[in-house]
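Novice: sequence and predicted structure, then a few things I'm wondering about:
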Amino acid sequence: MKKSIMKVVLSTALITSVGFGSELVLSGEKVEFSKKLSLNKIHSTSVEQDDIAVLISLKDSLTKAQEDNLYIKGAKAVEYAGIKSYYVVASPSSIEDIISSDFIDGVAMLEANFKINKDLKDVAINDEVKVTLMFLKDVSHDEFSNLLVKNGIEYKDLILNPTLATAQMTITGMDIEKVASFAVVKQIRKTHKIGLVKPFSAKISTADMDTVKQTRADVVWRNNTGLDGLNIPVGVVDEGRVLKTHREFTLGKATRVKDKVIDGSSSLHSTHVAGIIGARGVDTKARGMAESAQIYNFSYNDYYFADAISVLSSKFDILVSNHSYGFTEKVDLGVYNSDASSEDKLVYNNPYLNIFIAAGNDRVDDDYPDTGIIKGAGNAKNVFTIGALDYNSNACAYYSSTGPTKDFRIKPDLSVRGSSVYSTSNSGSYAYMTGTSMATPGALGLATLVMQEYKNLTDCGNGVGCDMRHDLLKAVLINTAVDKGVEGPDVYTGYGMIDVQKAVEVVKTISENKKSLKLDKVGKGAVKEYSFHKSDAGSFAVTLSWVDPAGNSASSGKQLVNDMDIYLVRLSDNKKFYPYSLNKSDVTQKALHDRKNDVDNTEKIEVKNLQEGDYKLVVDASHISTSKQEFALVSSEAVFDTFASSISLKQKLDVNNFAKVMLDAIY
């Protein structure tokens, strides 16, 4: 540290430090669990507050009955911490009864040093620092501000988001440990600057927008009249205002861009991004992927990432959004931070949210390593992190930021061309731009067409189509993606380039007798099996995806909460086929497919030459932490008899039968 930060003495020293095989590490500090706490000191704290926070460890994940038991005994919050460990917040009068529960294997006090992120370790006591807090339970603005005042903490610019249980404020270094000592606080970290992800001008090309042909959007437009993004509202969170009067966004006197930016002038970057999604095609080279999509324009200077997404969904019912920005500093490389955790929490609570995030352009900078450089929010589990392909869409662009995450999850998820992309400009004309900022809206626009087709085929009441769940959309796009670069998923291009024509055709099968898509759920410890016959030898692919509960951004361990497994069994000899997972000894090598994947919440099995015969798909929930888990399956062949028990399908019109009925009625 530059100067020593005032030490806050915690009152809850352990009697003994007995290890129970736990490797839970929070904010770089290993948690040592004990059989008992020093109960004569547990009620004495160095800060004035009403609650106590502890960590408990179990031999297995917490059951619903056990969780209910903790609440009956007075727990105010119970939250997963990782490695079969949980945070528990309760009043001092309840904590002793709670930690004496017979199913608890070990207990530790939640000390301040388990909460302070390493980026705050060098803050001097008199320095002002803007911090981001995560809470363990619901707390109002007034409650938290009163707690700060009660403890003599000077603060300013407090903004609290009760939906996300997060807050931002400015304090001095001397108060960091005191704030971290509050039982309600889960983590405290430095708030990093948000900006554009190093955009740069492109070499002007005379070619048309090849992304359309490379991803086969032109085939979709030609074969599916009306797939244009209509009735799919899209949020564009970007640098500033979109030039909504641009001729590509107007139809007569009406505009398809709804401006929600608080202040500022129009932005080239924002206008270019919006055009890639939804330009009408007055200039045919600039036609957006979803030309009729309604675009809602927001600025990351007002709110960004999870805060922005919560506003988009709660106030405007927007379920799909584009985020072509990120940290401008070299921080949180590959790290699952509080921004990532908050995004996962939002999607877990509303699994119809589809968030598209630019991977970043930091690989162009020699100061960055070649891999593991996607920042913060792009490392979330329940989002689409998009990398950029070169001009010909043959390989990862030289600037595109790469995965994996620190816990070896596959990132980016997918890639689209980001080089020399032609689109709208805030001058009222057009421009070429390059970056993952351009690839991301391309991916979102393509996904919008898939979501629209799904909505056209489903009925969620009164003839209104259903919104497409995140796990289903991800499984569709990944299972139909065109592999790029290293064979199989890789840290440069993820699962490859979106093929929107294949994706749309797969969605269409939900109206057929045999379907390529399946929505299902499974209980903790249970297994789901799906049998099918493969009539001829050839390639086969199937993808399992699920919306996983938010991980713990304070933990340096793996962030997967519900560890589901998928494998394919050939019944003739019981041979098993496993999904891809990264080679942890060298992430630049080909992905492995000879074992279970224990880190990703999307798993893809791909067999290049699967023999003809009888098979079964197995989805195993033996290692999930919640009582049940919903999931999506997408196969390259129609192998499922039903799609989803809770979703109705719109009836296809049989033209010949319709004509016969009309003739019968007339005569």
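Specialist: That came in fine, so what should we check first?

Novice: what's near enough to touch Arg469?
Specialist: By Cβ atoms under 8 Å, 6 or more residues apart in numbering, the contact set of Arg469 is 351-352, 519, 547, 632. (Glycine included, C-beta is placed from N, CA and C.)

Novice: kindly report the same for Val607.
Specialist: When contacts are counted by Cβ under 8 Å, 6+ apart, Val607 touches 539-541, 568, 577.

Novice: where exactly do the helices run in the stretch 301-450 of the chain?
Specialist: Assigned by DSSP state H, counting those that start in this stretch, the helices in the stretch 301-450 of the chain fall at 305-316, 338-349, 436-457.

Novice: just say which of those helices is most tucked in.
Specialist: helix 436-457 (a mean of 28; mean count of other Cβ atoms under 10 Å).

Novice: convert the C-alpha atoms of it to PDB, please.
Specialist: Provided in PDB are the C-alpha atoms of helix 436-457 (Å, rounded to 0.1, in the frame of the first residue of the first chain):
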ATOM      1  CA  THR A 436     -15.700  -5.700 -32.300                       C
ATOM      2  CA  SER A 437     -18.100  -2.800 -32.000                       C
ATOM      3  CA  MET A 438     -19.200  -3.500 -35.500                       C
ATOM      4  CA  ALA A 439     -19.300  -7.300 -35.200                       C
ATOM      5  CA  THR A 440     -21.600  -7.200 -32.100                       C
ATOM      6  CA  PRO A 441     -24.500  -5.300 -33.700                       C
ATOM      7  CA  GLY A 442     -24.100  -7.600 -36.700                       C
ATOM      8  CA  ALA A 443     -24.600 -10.600 -34.400                       C
ATOM      9  CA  LEU A 444     -27.500  -9.000 -32.600                       C
ATOM     10  CA  GLY A 445     -29.300  -8.100 -35.900                       C
ATOM     11  CA  LEU A 446     -28.900 -11.700 -37.100                       C
ATOM     12  CA  ALA A 447     -30.200 -13.100 -33.800                       C
ATOM     13  CA  THR A 448     -33.200 -10.700 -34.100                       C
ATOM     14  CA  LEU A 449     -34.300 -12.600 -37.300                       C
ATOM     15  CA  VAL A 450     -34.100 -15.900 -35.400                       C
ATOM     16  CA  MET A 451     -36.100 -14.500 -32.500                       C
ATOM     17  CA  GLN A 452     -38.700 -13.100 -35.000                       C
ATOM     18  CA  GLU A 453     -39.100 -16.500 -36.700                       C
ATOM     19  CA  TYR A 454     -39.500 -18.200 -33.300                       C
ATOM     20  CA  LYS A 455     -42.200 -15.600 -32.400                       C
ATOM     21  CA  ASN A 456     -44.000 -16.200 -35.700                       C
ATOM     22  CA  LEU A 457     -44.300 -19.900 -34.900                       C
END
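
Novice: tell me how far it lies from the chain's centre.
Specialist: Taking Cα atoms, centre = their mean, to the nearest Å, one finds the center of helix 436-457 at 16 Å from the center of the full chain.

Novice: let's test this: mean pLDDT of that helix, rounded?
Specialist: On average, the pLDDT along helix 436-457 is 97.

Novice: care to break the chain down by domain?
Specialist: According to automatic domain parsing, the chain comprises the domains 25-114, 119-193, 195-469, 503-649.

Novice: just so I know, which of the ones you listed lies nearest Tyr495?
Specialist: Among these, the nearest to Tyr495 by Cβ to Cβ is domain 195-469 (5.8 Å).

Novice: that closest one: end-to-end distance?
Specialist: 29 Å (Cα to Cα, to the nearest Å).

Novice: packing partners of the helix or strand encompassing Lys186?
Specialist: Per DSSP states H and E: Lys186 is located in strand 185-190. Contacts defined by 3 or more Cβ pairs under 8 Å, 6 or more residues apart in numbering; DSSP states H and E place strand 185-190 against strand 128-135, helix 176-180.
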